[in-house]
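[1] let me see the structure of the following:
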Amino acid sequence: MRSRAAPAAGGPSPLRSLCDRSSPLAFQFGTGSTPQASQARRGVAPDGAQPSERMRTLALEAKNKKLLRLRKANDSAKPDLMAFTLLGFDLDKFVRETLDEDLGVGLEGGGADVTSTSVIPADARFSGVMDSRDPVVVAGLPLAEAFFRSLDPGVEIETLVADGDSVNSGTDLMRLKGNARALLTAERSALNIVQHLSGIATMAREYVDAMDNPDCTLLDTRKTLPGLRVLEKYAVRMGGAQNHRMGLWDAAMIKDNHVAVAGSVGEAVRRARDAGVKPIICEVDRLDQIEPAIEAGAHHLLLDNMSPDVLKDAVAIVAGRTATEASGGINLDTIKAKAASGVDYCSVGRLTQSAPAADVGLDFTPL
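    Take a look at the predicted model:
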């Protein structure tokens, strides 16, 4: 029996967006402990409110898992019918552009897998097994399936685990049978995405386990590879962590450079507030910056590079008036102490910036 995914990093999930504007992706967090906030933590829209994009995203992910488990081995669904939906992500376009890049479509002499087409007969068939070579948290299997189906719509695929599952070394993840040329051509693209996303999910789970704190939530950052943010943040969630802001558009984050221009923390927050921006995240690296930031209207304080003892002092000063986040200097050795300081969140950039690829392989056998 395979291990089921652990719950999202302990404590409340990011709350319903404070933004009045709707957005295609809104993994945002709010503040306070109002009844509305309590409802949001449980994934329930506050009375009279429409479900947030965050809630809809979680519902889509639950649906994805259910559909993937129900998929039969002989399912020959076309790629555009794949049961994998992420808000803001075009699966067909991603698969097409990735394969086009590998095949050299549009380049002189490009457009084909010259090795497979010259060596493998057109009617040859393979069976294959994708497996983990190390203990990993799985992410990206629906994408791998889409790559194979895009080149062989009749391929037989049996998905043996689901994204978010923890598996041991040597666990079979997927079995497939189909056209040999097609499977070989799609192999590297499929493996690349599973290895990359599973690496992120695995590291996220390691940090959640090391934090070992149900009252603190692990967050990622914007340190993602260009073009892969939606997928990398999906992998973070599969590992049990949660998403920080998705980009520059869904929250203000005031940092030292903004403060330098505005003249002070308080003035920078006031400018964002007066512009109608919500939510406002403000970085502070000194205790004396906390009160001006809160008084000016910050919804969330990013406590930068503070020791656990200083973080405790910061949490005491805030006294529950806004959300608190420890950031900077957090690794597997330090996260538990920083989370124990009483902050609501710990953010770790390396989840998406530095996670090593998971060791996942695929072996084929001629039929």
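
[2] show me where the protein dips below the pLDDT cut-off.
    By pLDDT under 70, the weakly predicted segments of the chain are 1-83.

[3] give me that answer again for 90
    Scanning the chain with the threshold set as pLDDT under 90 gives 1-88.

[4] next secondary structure after the longest helix seen in the chain?
    The longest helix of the chain (DSSP state H) is helix 180-211. Next in sequence after helix 180-211, counting helices and strands by DSSP states H and E, comes strand 217-219.

[5] list the buried ones in that next one?
    Under the neighbour-count criterion of 16 or more other CB atoms under 10 Å, strand 217-219 has Thr217, Leu218, Leu219 buried. Glycine gets a C-beta too; all of them are placed from N, C-alpha and C.

[6] check contacts around the second one.
    With contacts defined as CB atoms under 8 Å, 6 or more residues apart in numbering, the neighbours of Leu218 are 9, 204, 207-208, 211, 240-242, 335, 345-348.

[7] relative to its centroid, which residue of this structure is most remote?
    The C-alpha centroid of the chain is most remote from Pro121, which lies 40.0 Å away (CA atoms, centre = their mean).

[8] separation between that one and Pro135?
    Remark: distance between Pro121 and Pro135 (CB to CB, to the nearest Å) = 38 Å.

[9] the strands in the chain, which residues?
    125-132, 136-137, 156-159, 166-167, 172-179, 217-219, 252-254, 280-284, 300-304, 323-327, 345-347, 360-366 (DSSP state E).

[10] starting at the chain centroid, how far to the first one?
    So that's strand 125-132. Between the centre of strand 125-132 and the centre of its host chain there is 27 Å, according to CA atoms, centre = their mean, to the nearest Å.

[11] what does stretch 339-356 give?
    13 Å.

[12] buried residues, that stretch. List them.
    Residues of stretch 339-356 classed as buried by neighbour count (16+ other CB under 10 Å): 339-352, 355.

[13] and the two most separated of these?
    Longest distance between any two of these is 27.6 Å, between Gly342 and Ala355; criterion CB to CB.

[14] please name the residues that touch Ser327.
    Glu283, Leu302, Leu303, Asp304, Asn305, Cys346, Ser347.

[15] hmm, which of the residues you listed are the buried ones?
    Applying 16+ other CB under 10 Å to the contacts of Ser327 flags Glu283, Leu302, Leu303, Asp304, Cys346, Ser347 as buried.

[16] output those residues as JSON lines; include the columns distance to Val161.
    Shown next, in JSON lines, are the buried ones among the contacts of Ser327 (distance: CB to CB, whole Å):
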{"residue": "Glu283", "distance to Val161": "39"}
{"residue": "Leu302", "distance to Val161": "36"}
{"residue": "Leu303", "distance to Val161": "38"}
{"residue": "Asp304", "distance to Val161": "38"}
{"residue": "Cys346", "distance to Val161": "28"}
{"residue": "Ser347", "distance to Val161": "29"}
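
[17] quick one: contacts of stretch 360-367?
    For stretch 360-367, the external contacting residues (CB under 8 Å, 6+ apart) are 124-133, 136, 173, 177, 180, 183-184, 187, 190-191, 194-195, 198.

[18] buried subset of those residues?
    Buried members of these, scored by 16+ other CB under 10 Å, are 125-132, 136, 173, 177, 180, 183-184, 187, 190-191, 194-195, 198.

[19] list the contacts of Gln353.
    Applying CB under 8 Å, 6+ apart, the residues near Gln353 are Thr221, Lys223, Thr224.

[20] likewise Tyr345?
    Phe29, Cys216, Thr217, Leu218, Leu219, Ala323, Thr324, Glu325, Ala326.

[21] can you tell me how far it is from Thr324?
    From Tyr345 to Thr324 the distance is 7 Å (CB to CB).

[22] could you do Glu101 as well?
    Taking CB to CB, one finds Glu101 at 43 Å from Thr324.

[23] settle it for me: which of those two has more neighbours?
    Thr324 (24 against 13; other CB atoms under 10 Å).

[24] and the end-to-end length of stretch 98-109?
    End-to-end distance of stretch 98-109 (CA to CA, to the nearest Å): 18 Å.

[25] in that stretch, what counts as buried?
    Buried residues in stretch 98-109 (16+ other CB under 10 Å): Thr98, Leu99, Asp102, Leu103.

[26] doesn't Ala182 make contact with the second one?
    Going back to what we said before, that points to Leu99. No: counting by CB atoms under 8 Å, Leu99 stays clear of Ala182, with 10.6 Å between them.

[27] between the two, what contacts are shared?
    Common neighbours of Leu99 and Ala182 are listed as Leu151 (criterion: CB under 8 Å, 6+ apart).

[28] for Val105, which non-adjacent residue is closest in space?
    Gly111 (5.3 Å; CB to CB, 6 or more residues apart in numbering).

[29] pairing partners for the nearest residue to Val155 once chain neighbours are set aside in the sheet, please.
    Leaving aside its sequence neighbours, Val155 sits nearest to Gly178 (CB to CB, 6+ apart; 3.4 Å). Under DSSP bridges, the beta-bridge partners of Gly178 are Phe126.
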